[in-house]
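Participant: Everything below, folded, please.
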Amino acid sequence: MLRALEWVPHSVQLEKAFLSFEPHTHPSSQCICTSFKSIFIEDITLNILWHSNSPAAPSGYGNQTKIFTPRFTRAGHQVTISAFYGREGSVMRNEDGIIELPRVVDTYGNDIIQSHVRYTDADVVISLIDPFVLQPGVWSTFPWAAWVPVDSIPMLAPNVTALKAARWVIAMSRFGEQQLREAGFDPLYVPHGVETSVYKPVDRTAAREAFARFTGHDISDNFLVMSVAANKGAPSRKNFAGMIEAFALFAADHPEALFYIHTEPNGLWQGEPILTIARAMAWLTRSSCPASIRWSAALSAPI
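Facilitator: This is a model prediction of the structure:
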């Protein structure tokens, strides 16, 4: 087992790095990085082990890994990715020149993270993952900065228990920050980044035509309501039935409205049958999702 005391020489440097988070736009990027200010601009160099999805994974976690890890590297830090999803089977150096280490047996990397810390000689491990899947007896043995989603009121006990092992707890929303404080933590606040070279205003007509080509649904001049949420696990924490019910209330007064749910629709990963739910609520003709095979094959965006 690794001992937390092995990292004592790094503690002053780490405290400087993690105690002054403020919104900041990194001038060399095209990303709104309202986050990690001190890591970008302070005269501090860190050896960072980032534990989340591979940047190759078409997921929210993978998206943030893709945004942040190369920018940490460009800011002068040593970065290695511990990928619990999206890089199974072997070690590789990705297109940004960053080494990605795979998980082994445990789905979330609890059995290998200490070895990854030893291998990389990491100063800090930044995780982007639901904390309840992480084993506090393991994660308490190294400096852990937990960047966490919060999706309940109050916070669920397994999340609270796991986060007690973290040296720094980081909220990604003001709601999460409030719930973390009410659970007894003193969180930092770092919202997710946005890749503004991709997500930017474009011609609306052209965008609607591209949407129709991709989805097979001509939305014309309809008012479009959209949701992006992984359909994984049941009962769903994304509350798809509740979303469809809420849309039905809205659409009763707005007959021109359509609802597009950007997710796998059939519950392939122990999720929920979203289109069946929409049919049961008599809103199937006003609701749509991408085809299951496109989603499951990671063809969830135009290529």
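Participant: and the gap between residue 95 and residue 56?
Facilitator: 9 Å (C-beta to C-beta, to the nearest Å). Every residue, glycine included, has its C-beta placed from N, CA and C.
Participant: okay, those two: which has more neighbours?
Facilitator: Per other C-beta atoms under 10 Å, whichever of residue 95 and residue 56 has more neighbours is residue 56, with 18 against 9.
Participant: That one against residue 86, yeah?
Facilitator: Yes - taking C-beta atoms under 8 Å as the definition, residue 56 is a contact partner of residue 86 at 5.2 Å.
Participant: Touching both of these two, which residues are there?
Facilitator: Contact criterion C-beta atoms under 8 Å, 6 or more residues apart in numbering; residues shared by residue 56 and residue 86: residue 62.
Participant: for the closest residue to residue 183 other than its chain neighbours, helix, strand, or coil?
Facilitator: In this structure, residue 183 finds its nearest non-sequential neighbour in residue 155, 4.5 Å apart by C-beta to C-beta, 6 or more residues apart in numbering. Of the three states, residue 155 takes coil under DSSP: H, G, I helix; E, B strand; the rest coil.
Participant: where in this structure is pLDDT low?
Facilitator: Under the criterion pLDDT under 70, the flagged ranges of the chain are 1-43, 292-303.
Participant: can you give me the helices for it?
Facilitator: Ranges of helices within the chain are 11-18, 37-41, 60-74, 113-120, 136-139, 157-163, 174-182, 204-215, 240-253, 274-280, 292-296, based on DSSP state H.
Participant: Nearest to residue 127 among those would be which one?
Facilitator: Among the helices of the chain, the nearest to residue 127 by C-beta to C-beta is helix 136-139 (7.8 Å).
Participant: Which neighbouring elements make contact with the closest one?
Facilitator: For helix 136-139, the elements it packs on are helix 113-120, helix 157-163, judged by 3 or more C-beta pairs under 8 Å, 6 or more residues apart in numbering; DSSP states H and E.
Participant: Export only the CA atoms of that helix, formatted as PDB.
Facilitator: C-alpha atoms of helix 136-139 as PDB (Å, rounded to 0.1, in the frame of the first residue of the first chain):
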ATOM      1  CA  PRO A 136     -11.700   5.500  -0.100                       C
ATOM      2  CA  GLY A 137      -9.200   3.100   1.400                       C
ATOM      3  CA  VAL A 138      -7.300   3.200  -1.800                       C
ATOM      4  CA  TRP A 139      -7.800   6.800  -2.700                       C
END
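Participant: buried residues in that helix?
Facilitator: Of the residues in helix 136-139, 136, 138-139 count as buried by neighbour count, 16 or more other C-beta atoms under 10 Å.
Participant: for those, which one is nearest residue 113?
Facilitator: Among the buried residues of helix 136-139, and counting by C-beta to C-beta, the member closest to residue 113 is residue 138, at 6.4 Å.
Participant: Excluding chain neighbours, what is closest to the most centrally placed residue in the chain?
Facilitator: Centroid-nearest residue in the chain, with C-alpha atoms, centre = their mean: residue 61, separated by 2.9 Å. Leaving aside its sequence neighbours, residue 61 sits nearest to residue 53 (C-beta to C-beta, 6+ apart; 3.8 Å).
Participant: Can you give me the neighbour number for residue 205?
Facilitator: The number of residues near residue 205, taken as other C-beta under 10 Å, comes to 9.
Participant: sorry, that was for residue 255
Facilitator: Neighbour number of residue 255 under other C-beta under 10 Å is 9.
Participant: Residue 253 now?
Facilitator: Each residue near residue 253 was counted by other C-beta under 10 Å, and the total is 7.
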